[in-house]
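In: A structural model of the following input is requested.
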Amino acid sequence: MIDQSFQWRKEYTVNDLTESVLPKALLENGSLFLHGYDKEGYKLFWFRVKLHVRDQKQQLEKKKLVAFWLEHYAKRDHGKPLTVVFDMAETGISHIDLDFVRFIVNCFTDYYPNFLTKIVIFEMPWIMNAAFKIVKGWLGPDAISMLKFTNKSDVQEYISGEYLPPHMGGTDSFKYSYPPLVDDDFQTPLCENGPITSEDEHESKEEIDADAKETGDLNEEQNLNQKKMNSIEQNSKSEESDKTEFKPKNAKKALTTFKGPLLHISPAEELYFGSKETGEKKCLIVLTNVTKNVVAFKVRTTAPEKYRVKPSNSSCEPGTSLDIIVSLHGGFAASLQDRFLIMAAEMDQSSGSGVQDLSQFWKEVPRTKVMEHRLRCHVIESSKPSTLTLKENAFNIPAKTNEDLHMQLTHLLQINKRLQEQIDRCLWFQQLSAVLSLLSISVVAFCFYLVYTQRG
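Out: Have a look, this model is predicted:
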């Protein structure tokens, strides 16, 4: 299987597939694209069958287009599963291409086996039943169970209306166009005083002051949080039930870290929010600069009206860590479809770190030098925290809660990690000093030996 996979990648030049090597007409056609999420939060891979026309001359290029999208998604989202949607509305016999369908099936069964969660087939014409009986023969029993035949009345069992086009009974106004390559509609999230201006606009003095105020508020919250830790430790023995609910595996999950070339990001994949009943409205993202230069970053989201991010556009000094608080705005609730995009780029020493300097920097930095990492949202129904989750009123109530313990333990582990790194550096310098000292003693002893032999 491994040899077959390598041969397949070589045959379709998967490692070298880029937009520039594919026919622009195929990219503009819009028969294949990634857009939106299903109700479980998995990315949707759309096949608009009515736009596909059998053409043996372009068959290889169309197969390469499928491989391009799958490889693009694999590199961008690190192999997270997706849902395939065959939109077969307004299709007929002229659109049947069994060779192409078999290639798609083989891609998921042989070359990207962990990608597929389900195949949603919308309004398959009865005349294609015979063709799909052939397709089922290519699928194993597990894959057959993933087939979901739907129409306008039941497709929303799998995909919510916000990501369905009007002809499927949804409200999504998305219109495919190229260029640029279709991506999630990430936008700048809300700040304390409303939307933050984009990098294409100059921020006013009032907005700069607001950002400074937000930073002060964040520091004040962290100070209060630190003071609260002592009170929590004093009262911990009196609430054994809370201790039994808190499990170490949750803390381990919270500390999963994505190790990028510029920033280490924790958590690595998911932000855990509570439902409206649990009241967990805040999450913490920890960024650690692993370079020798200042790294600029900004945070965007697919639901800017829901979230406030502090800070959402700033910079991180070399070797330091920075906390970002993500909070739900007003009465909104988190959704599995919500995503966050963290963009980071290394700044030159001559670049400033002010708001205006950052705005100019993001205009000029090449996209090839920008690190991107995506986080998805997860909604937990129980009151037990599963990651860096803060309660809405955690800074105001003195009583101990599981969320507080979890947050404090996470901070302690982060501090312990930084101290361990400092200790390791000190030990390295100590060993280096010992080696240099031994070398110096050896040189001095050799000099005395030369002097002694000359006198003798």
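In: so who does Thr91 touch?
Out: 49-50, 125, 128 (CB atoms under 8 Å, 6 or more residues apart in numbering). For every residue, glycine as well, the C-beta is placed using N, CA and C.
In: Am I right that it sits in a strand?
Out: No: assessed with DSSP: H, G, I helix; E, B strand; the rest coil, Thr91 is coil; it does not lie in a strand.
In: That one and Val53, how far apart?
Out: 11 Å (CB to CB, to the nearest Å).
In: can you pull out the strands in the stretch 1-150 of the chain?
Out: Taking DSSP state E, counting those that start in this stretch, the strands of the stretch 1-150 of the chain run over residues 32-37, 43-48, 82-87, 116-122, 147-150.
In: Show me what the most centrally placed residue in the chain bridges to in the sheet.
Out: Compute the mean C-alpha point of the chain, and by CA atoms, centre = their mean the closest residue is Arg374, 1.7 Å away. Counting by DSSP bridges, Arg374 forms beta bridges with Leu341.
In: Verify the contact between it and Lys43 for me.
Out: No: between Arg374 and Lys43 there is no contact under CB atoms under 8 Å: 10.1 Å.
In: okay, and the common contacts of the two?
Out: Shared contacts of Arg374 and Lys43, counting by CB under 8 Å, 6+ apart, come down to Asp77.
In: ok, back up a step: just give me the least confident of the contacts of Thr91.
Out: pLDDT across the contacts of Thr91 is lowest for Met128, at 75.
In: so how far is His264 from it?
Out: From Met128 across to His264, the span is 49 Å (CB to CB).
In: Kindly report the same for Val66.
Out: With distances taken as CB to CB, Val66 is found 34 Å from His264.
In: Check Leu116 too.
Out: According to CB to CB, Leu116 and His264 sit 31 Å apart.
In: burial count for Lys175?
Out: By other CB atoms under 10 Å, 7 other residues sit near Lys175.
In: same check, this time on Gln156
Out: By other CB under 10 Å, the residues close to Gln156 number 16.
In: do Ile144 as well
Out: 13.
In: Most widely separated two among the contacts of Thr91?
Out: The span of these, defined through CB to CB, is set by Lys50 and Met128 at 12.3 Å.
In: Could you tell me which residues touch both of those two?
Out: Here Lys50 and Met128 have 88, 91 as joint contacts, going by CB under 8 Å, 6+ apart.
In: Could you check which of those two is surrounded by more residues?
Out: Each of Lys50 and Met128 has its neighbours counted (other CB under 10 Å); Met128 has more, 18 against 14.
In: pretty sure the more buried one is touching Ile96, no?
Out: Yes: the criterion here is CB under 8 Å, and Met128 meets it with Ile96 at 6.4 Å.
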